[in-house]
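give the three-dimensional model of this entry:
(chains A, B, C and D)
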Amino acid sequence: MAQAIGIITANYSTQNSSMLTDVRPAASLPYAGRYRLIDFPMSNLVNCGVRTVGVVMPYNYRSIIDHIGSGKDWSLDRKNGGLFILPGSAFGSTREGSRFLLRDIDFNRLFLDRATEPYVIVSSSNVIFNMDYDPLIDCHASTGADITIVTRKATCDDPNLSSAWIEDGRVKGMHRGAKYGEDEFLDTFIIKREVLLKALDWYAAVSHLDLFEALAQDFDKVNVMDYQFNGYAASIFTTQGYFRHSMELLDPKIAEELFPEGRPVMTKAHDTPPAKYETGSRVRNSLVSAGSRISGSITGSILGRGVRVERGATVRNSLIGQGVVIESGAIIENAIVDRNNFIPAGTELRGTPEAVLVKEKSPERH
Amino acid sequence: MAQAIGIITANYSTQNSSMLTDVRPAASLPYAGRYRLIDFPMSNLVNCGVRTVGVVMPYNYRSIIDHIGSGKDWSLDRKNGGLFILPGSAFGSTREGSRFLLRDIDFNRLFLDRATEPYVIVSSSNVIFNMDYDPLIDCHASTGADITIVTRKATCDDPNLSSAWIEDGRVKGMHRGAKYGEDEFLDTFIIKREVLLKALDWYAAVSHLDLFEALAQDFDKVNVMDYQFNGYAASIFTTQGYFRHSMELLDPKIAEELFPEGRPVMTKAHDTPPAKYETGSRVRNSLVSAGSRISGSITGSILGRGVRVERGATVRNSLIGQGVVIESGAIIENAIVDRNNFIPAGTELRGTPEAVLVKEKSPERH
Amino acid sequence: MSKEKCIAMLLAGGQGSRLGALTRNIAKPAVSFGGKYRIIDFALSNCANSGIDTVGVLTQYRPYVLHSYIGTGEAWNLDERGAGVSILPPYATETGGAWYEGTADAVYQNIGYIEGYKPDYVLILSGDQLYRMDYHKMLENHIRHNADLTVSVMPVPWEEASRFGIITQDDDEKILKFTEKPKKPDSNLASMGIYIFNTDLLIEKLKEDHNDPQSEHDFGNNIIPKLLSEGRRLYTFEFNGFWRDVGTIASFHETSMELLGEKPEFDLYAKDFPIMSNASTRPPHYVGPEGDIDDSLVGNGCRVFGSVKHSVLSTDSYVGPRATVVDSILLPGAKVKEGARVVRAILGENSTVEENVTLGSVDVTKDTAVIGDDVVVGKGEE
Amino acid sequence: MSKEKCIAMLLAGGQGSRLGALTRNIAKPAVSFGGKYRIIDFALSNCANSGIDTVGVLTQYRPYVLHSYIGTGEAWNLDERGAGVSILPPYATETGGAWYEGTADAVYQNIGYIEGYKPDYVLILSGDQLYRMDYHKMLENHIRHNADLTVSVMPVPWEEASRFGIITQDDDEKILKFTEKPKKPDSNLASMGIYIFNTDLLIEKLKEDHNDPQSEHDFGNNIIPKLLSEGRRLYTFEFNGFWRDVGTIASFHETSMELLGEKPEFDLYAKDFPIMSNASTRPPHYVGPEGDIDDSLVGNGCRVFGSVKHSVLSTDSYVGPRATVVDSILLPGAKVKEGARVVRAILGENSTVEENVTLGSVDVTKDTAVIGDDVVVGKGEE
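Numbering: from 1, shown residues only, chains lettered A, B, ... in the order given. Below you'll find the predicted structure:
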């Protein structure tokens, strides 16, 4: 019985569009082999006891619905509360940097009206972290702020991020881009439900804007506070960022921060057998998902479910999607091979660490 | 383990649009107090053992998703097969008489590709009946027809229905409108999966058409057979038809045909207490759903869940939606009062049996 | 919801033999009640509404209906990951099997289950009482008092106090005395048989009790008096709402009737504390052209062609033309056929009263008539 | 799927004492197997894949893990409306409780459950065997022969025949003779302990058997010979696939090893007949920079920093740097710490082998080493 309900805006496609997100919304991008990006915000909410979660859908919602279903795998298949599918407003959210469009929330105002909880935790599906929201809720409740945003000290310069201008814990403004050491916004905030409802009225005339764009002139009136997160977080806005942050999971310390004991990351359950290693296989520094069958050689890579790597095939520094088959003698290096691809014997797919090669999703085979 | 998968086209809005379907797709219209129209095609499929059902969604899909969820209440929440949400094609299905648009099926071709069952049972959500599909499947399998459509002898003249021109059990053509005694098409057919996939290719150039429109010139080449249904069926295309067919449920014989033992109609489960009758209530020839509290007088009417009829209020020959409150002294006659309406003391709402008054859906109260 | 972890152990093993024909084939907590519920719904809904998401249900007597009804607890939102409802029947070990010999013994035999969840507190409940209680408030009380054990109590009329286990407390709610059915009660606070224990103490006391050959292995008769004699910190939590033990035919009938009327003390319709159940989906009920229903509860799927007054008609029951049902309870699927007359009776599930039969009597000095599940009452058997 | 109604009764009550430490706290059908499964997954998946959607699971010995694992059968798509999995533990009646005294007695005590579903046929299964079988084909065979009882059989090597219940049949698959462990077998067809009965006959025979003071209440020893002596129509259904009873440590180890290699006889990856399980969600396993895995199965959540050869690593197991695991089975959560060496061993759930400890031996004349659940093996205890 948390004090909050949750909203996840899953209708954002990365601006820097790649072949990966052409075929699906960012929320259903695979991550860490068997997960999807949306698993992380969903699990964060559920792990702190939130049992009412609305997910704002993109136009192409099939892959998300297939994945989250009725929310059963997140304990959100409930008689009271549970998972709510919230259709996004007609034109979706493709504007640069806009993850929290007012019109998407306004279109689903009933979801907010029906709730009785005092707070709403809102997050996008583009920033990956595993966080205990309880101290955030407590902090927000005790300061009495209207909004408390989650930030961390930026670990690099990145024009795709957003950052906040903070004085004495109070947010004075926000802007696109973050430089090393600035307060990077993690696309997650908690807001009083009543304030969110009021904001929809205040800004009804500019409902095409993102909530924080609309607030731009009003940071002196609306009390927006800051909450610092110190753990691992990865913002996924570009293909290169997606690749780089995926590869960070090969660091056992980072994997442990993202998958700590006591705060499991939940995802859709599958009946997949264990992975099988044949004689002669050679796997080093890699994450391998269930159902994979390995006879070849794999280094520094992440494999989705049910991948086959045949004898004599080599995979290095690559992300391999679910159901990919890599035939004998094929070589894959510095590449993202999306699901269901078939890589024939002897083929070579090589990118460079700076320019990763992307092999797009293939239609399902039989 | 049925030999068939199912498709339900839930993206059809009645042509003769009324205030009732302005706010929701026809598939989620309430029926028989606690049900929705889509419950009937869903239950027919599940009761004959079909465990893979795709539902084609309209643009405004929220009410359907809220209702069917993951399909759990229809035993369709499964690891293999189960319920599939199929987004409708971009422009929905509002063309007159078109319930089986090729582009809607083509848009979800993967659903057909993945199946292994030889047959597909396709139905719309606009025709209500409770039918054992097993003999239909057996008949279709034994004749070897490409398509077998379900018809019955039309019980009245109605320009909104469709009918088939049949010779020796073989369908020679179809046309809009049905006259008494003609073979009325019940918007339900079984087709070989391979034939449906081929048809998508044959008619790729005219995918804006309904399957049977596309077939119009080809009834001599494609073997379409007829299967006669002898039970009760109600086609819901107009507000008046919706009202008239709803009222037929007050005939216990018809209610028994629609809710027979052994073929339950499944719907979303709710925690609603039993109905409560206070001293002085007077209810005759009516269907009353759970959670209703009756102190007034009700005749020849159907009440949804959680309706309150206060002392001295009168309801005659009317459909009352979920959560409606009718205050003391109010009189409702020949009317459809959609959900969540509040009828103040002393108000009178009167239509005539020929021109039923419609009070549209009201926003949720607290 | 506080972060302190509390799990519930729900005692549902009893036969409930004083419910006679109603518990011939099913355990008492599985008996139908209130038109669409089963008795255990009330305790399970209390747990769900109090945020207690881990519940062990101790079964023993004819548990099949109870087991299939409870399932994984999904109907009460209790099928949480890493929590949920667990059915705990007696079981065999290397050394053979042991039946539950008392309330304390039943919990003793499932110490392993409790330890698996590492709770700070254990709530002990019965599966056969009707009430709405926020156990979380009781837990807060327990924590505030830094108690070893908290007993839920309610004031009863002084003249009835000698029928209960009576508790005397000081001004700070600390229990001074506990007397089972005192002849001269010095308090009117009765124990409701609802306890919150600190887990470590519970386990220690259960083990002691198990090894005590004199003990009947009962919480009320053995564990509580022992703790009191040891000078432990026992506190009360006072409850003032509607509470009933429907353990006899008379109380079952009376409590059912208390659900009727304009403003019943127990409001099934209260939305902030819903009673949840694992009900099957049935159509709305139908009232025929000559049907007449007054001051009654009517469940889904019923068909009423006759007259019903001051009664409870559960799911799928049937009252034929010119039949009369007064002051009675029809359990699911019960049928009163054309012209029959049923007064002050309880008809079991799927039982039938044949045409023109008269059953029961308005004479309240006589016992309530009870027809068992599936029984058919024909002419000459009334 | 035929319209004939067949339900399954799955015997899962045995202790499986020959599995030693592995069944100290859980029933044999609940023991982990094959990296992510529990033994009962195979029988339940067979039911689901054969279209048998009603399964009564008879439990008795330490059933808690089994109960919570099975739940309502949802993981096997067996939670159908009006069907599904039911847990059937021993229960008490008005006259007290009775433990299951044999396979036939266990089913006898649940005749009420069977009658509730009114099936035409009842399939009797064990919860501790590994195989894939389409029971529907067996049922078709049963119907085609118009049999009273059909027994599933498989050919075994002649030299091993005297270890089994051996069946002699005529050319039409009719059973002529059934001999338990014959010294001089005249057939090599062994009974697999899988039976299909016509329901009425089963119930009649169970009642007879219950009243027979001489009977051990066992299907193989009592019910089958009785039917044969009465001249009933008993037929066989021949099975030729992979079938194992993992009832001993040796067979558990050997059968696990048989899952390895390039083309194992039992293919976990066959998509048309999937083995389903109620597994928890865990991340992919990680192989460290020095990790080395050869000819092995590795479950989700494992972390491998050492060397693993010809072994099964179940969910969440751990092999530390410079540790070696050979010819071994790590059950879920088992840990082999840095520098330890484990050979031909079975490590129970959440057990630990401490740093630099050596456990087990390549010498196949010695017993397989077995470490119980939660046990920690330190230096000096090898």
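
how close does the closest residue to chain D within the stretch 251-382 of chain C get to residue C:300?
The stretch 251-382 of chain C approaches chain D most closely through residue C:280 (8.4 Å), counting by Cβ to the nearest Cβ. Every residue, glycine included, has its C-beta placed from N, CA and C. Distance, residue C:280 to residue C:300, by Cβ to Cβ, to the nearest Å: 9 Å.

identify the contacts common to the two.
Both residue C:280 and residue C:300 are contacted by residue C:315, under the criterion Cβ atoms under 8 Å, 6 or more residues apart in numbering or on different chains.

just want to know which of those two has more residues nearby.
Using other Cβ atoms under 10 Å in any protein chain shown, the more surrounded residue of residue C:280 and residue C:300 is residue C:300, with 26 against 16.

against chain B, how distant is that one?
Separation of residue C:300 from chain B (Cβ to the nearest Cβ, to the nearest Å) stands at 5 Å.

same check, this time on residue C:239
Remark: distance between residue C:239 and chain B (Cβ to the nearest Cβ) = 22 Å.

leaving out sequence neighbours, find the closest residue to that residue.
Counting by Cβ to Cβ, 6 or more residues apart in numbering or on different chains, residue C:239 lies nearest to residue C:154, which is 4.7 Å off, once chain neighbours are set aside.

give me every residue that touches the residue of the stretch 251-382 of chain C found nearest chain A.
For the stretch 251-382 of chain C, the residue closest to chain A is residue C:276, as judged by Cβ to the nearest Cβ, at 6.4 Å. Residues near residue C:276 by Cβ under 8 Å, 6+ apart: A:79, B:271, C:41, C:44-45, C:48, C:75-77.

distance check, it against residue B:272.
11 Å.

name the helix or strand of chain C that has the lowest mean pLDDT.
strand C:96-97 (a mean of 84; mean pLDDT, DSSP states H and E).

ok so, going back, so what pLDDT did the residue of the stretch 251-382 of chain C closest to chain A get?
pLDDT, residue C:276: 95.

neighbours around the residue nearest to residue C:239, how many?
By other Cβ under 10 Å, the residues close to residue C:154 number 20.

mind listing what the closest residue to residue A:317 other than its chain neighbours touches?
Using Cβ to Cβ, 6+ apart and skipping residues adjacent in sequence, the residue nearest residue A:317 is residue A:300, 4.7 Å away. Neighbouring residues of residue A:300 by Cβ under 8 Å, 6+ apart: A:247, A:250, A:284-286, A:316-317.

identify those among those that sit within helices.
Residues of those located in helices (DSSP state H): residue A:247.

the contacts of residue A:300: which two are farthest apart?
Greatest spatial distance in these: A:247 and A:284, 14.0 Å, computed using Cβ to Cβ.

of the contacts of residue C:276 - the most surrounded one?
Within the contacts of residue C:276, neighbour counts (other Cβ under 10 Å) peak at residue C:44, which reaches 31 neighbours.

my guess is it meets residue C:85, correct?
Yes. Using Cβ atoms under 8 Å, residue C:44 is in contact with residue C:85, at 7.4 Å.

need the overlap of contacts for those two.
Shared contacts of residue C:44 and residue C:85 (Cβ under 8 Å, 6+ apart): C:55, C:70, C:73, C:76, C:78.

what about those residues, which are in strands?
residue C:55 (DSSP state E).

export the shared contacts of residue C:44 and residue C:85 to CSV and tack on distance to chain D and pLDDT?
What follows is those, written out as CSV (distance: Cβ to the nearest Cβ, whole Å; pLDDT from 0 to 100):
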residue, distance to chain D, pLDDT
C:55, 12, 96
C:70, 10, 93
C:73, 10, 91
C:76, 14, 93
C:78, 12, 90
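
the one helix or strand residue C:85 maps to: partners in the sheet, and parallel or antiparallel?
Assignment of secondary structure by DSSP states H and E places residue C:85 within strand C:84-88. Paired strands of strand C:84-88, with direction, are strand C:54-58 (parallel) (DSSP bridges).

mind listing residues that contact the partner strand?
By Cβ under 8 Å, 6+ apart, the residues outside strand C:54-58 that reach it are C:7-13, C:40, C:44, C:47, C:66, C:70, C:73, C:78, C:80, C:83-89, C:100, C:106-107, C:110, C:113-114, C:117, C:119, C:127.

may I ask which helix or strand encompasses the residue of the stretch 1-150 of chain C found nearest chain B?
Nearest to chain B, among the residues of the stretch 1-150 of chain C, is residue C:35, at 3.4 Å (Cβ to the nearest Cβ). Here residue C:35 is covered by no helix or strand, with elements defined by DSSP H and E.

contacts only, for it.
By Cβ under 8 Å, 6+ apart, residue C:35 lies in contact with B:273-274, C:297-299, C:312-315.

okay, the residues you listed in JSON lines with distance to chain A and secondary structure next?
Listed next are these as JSON lines, based on distance: Cβ to the nearest Cβ, whole Å; DSSP: H, G, I helix; E, B strand; the rest coil:
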{"residue": "B:273", "distance to chain A": "14", "secondary structure": "coil"}
{"residue": "B:274", "distance to chain A": "17", "secondary structure": "coil"}
{"residue": "C:297", "distance to chain A": "21", "secondary structure": "strand"}
{"residue": "C:298", "distance to chain A": "23", "secondary structure": "strand"}
{"residue": "C:299", "distance to chain A": "18", "secondary structure": "coil"}
{"residue": "C:312", "distance to chain A": "24", "secondary structure": "strand"}
{"residue": "C:313", "distance to chain A": "24", "secondary structure": "strand"}
{"residue": "C:314", "distance to chain A": "21", "secondary structure": "coil"}
{"residue": "C:315", "distance to chain A": "18", "secondary structure": "coil"}
